[in-house]
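Chemist: build me a model:
(2 chains)
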Amino acid sequence: TQLLEQSPQFLSIQEGENLTVYCNSSSVFSSLQWYRQEPGEGPVLLVTVVTGGEVKKLKRLTFQFGDARKDSSLHITAAQPGDTGLYLCAGAYFNKFYFGSGTKLNVKP
Amino acid sequence: GAVVSQHPSRVICKSGTSVKIECRSLDFQATTMFWYRQFPKKSLMLMATSNEGSKATYEQGVEKDKFLINHASLTLSTLTVTSAHPEDSSFYICSANRGSQETQYFGPGTRLLVL
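Modeler: Modelled structure (predicted):
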């Protein structure tokens, strides 16, 4: 069983569309990170959220941490082909990090 | 920056041999390093937590005698896959965190193929 559930697992959209990826758990995390991973490479950190209710923006990406620090979302506005990749959330839980199941995003030109 | 390297990036070995993978934090001291395993098109699975100067803590279901972890210094952790078998073939990734920061920095991964 996974500590973090991500949805959707796969997403194929047209360039210019908006999308939201969800990361949910029944556990409370001290912080939560979002990563993007390319095939054959290690994950690259996008953002860390720490405070319940926190919202962070990174250009066209908006990250939100739930008030109870159990869930998070990643919203991408006007997706571009360069956004294609595997998006992973990871929660910090008792000094360890546990990953969600991942969302494979494909943005078609 | 916070750069983590892994060596080798790719290794092919025969069944029964042991393989050592190194994880180094290049520009910071890592109090804790983590080892993950990733199957194709799947997410990362935490295998163990490695603390400098102490025994690693393994996740449930991970064989400690199979996956030996040594964290000899604040910049180096090693994972040795002992008596490797084809089912051990996978992408192994390490990460390190810096001090009390709850952010982990990942290495580029090591692709292991056991024939």
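Chemist: okay, CA-based contacts and neighbour counts for the rest of this
Modeler: OK.
Chemist: need the pLDDT of the residue of chain A found nearest chain B.
Modeler: Of all residues in chain A, residue A:42 sits closest to chain B, at 4.3 Å by CA to the nearest CA. As predicted, residue A:42 sits at a pLDDT of 90.
Chemist: with residue B:1 instead?
Modeler: 65.
Chemist: just residue A:1 next, same as before
Modeler: Note for residue A:1: predicted pLDDT of 54.
Chemist: just give the closest residue to the residue of chain A closest to chain B, not the sequence neighbours.
Modeler: residue B:108 (4.3 Å; CA to CA, 6 or more residues apart in numbering or on different chains).
Chemist: surely the one you found touches residue A:44?
Modeler: No. Residue B:108 is beyond contact range of residue A:44, at 9.3 Å (criterion: CA atoms under 8 Å).
Chemist: which bits of chain B sit near chain A?
Modeler: Within reach of chain A by CA under 8 Å from any CA of the partner chain, chain B has these residues: B:42-46, B:49, B:93, B:102-103, B:105-109, B:111.
Chemist: now with 7 Å, please.
Modeler: B:42-44, B:46, B:93, B:102, B:106-109 (CA under 7 Å from any CA of the partner chain).
Chemist: of those residues, which pair is most distant in space?
Modeler: Maximum pairwise distance in the residues of chain B next to chain A, criterion CA to CA, is 23.5 Å, between B:42 and B:102.
Chemist: list the contacts of the residue nearest to residue B:83 when sequence neighbours are not counted.
Modeler: Leaving aside its sequence neighbours, residue B:83 sits nearest to residue B:16 (CA to CA, 6+ apart; 4.2 Å). Residues in contact with residue B:16 (CA atoms under 7 Å, 6 or more residues apart in numbering or on different chains) are B:83-85.
Chemist: reformat these as TSV; add distance to residue B:56 and neighbour count.
Modeler: Below are the contacts of residue B:16 laid out as TSV (distance: CA to CA, whole Å; neighbours: other CA atoms under 10 Å in any protein chain shown):
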residue	distance to residue B:56	neighbour count
B:83	20	14
B:84	20	22
B:85	22	17
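Chemist: can you put these in CSV and add pLDDT and secondary structure?
Modeler: Listed next are the contacts of residue B:16 as CSV, based on pLDDT from 0 to 100; DSSP: H, G, I helix; E, B strand; the rest coil:
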residue, pLDDT, secondary structure
B:83, 96, coil
B:84, 96, coil
B:85, 96, coil
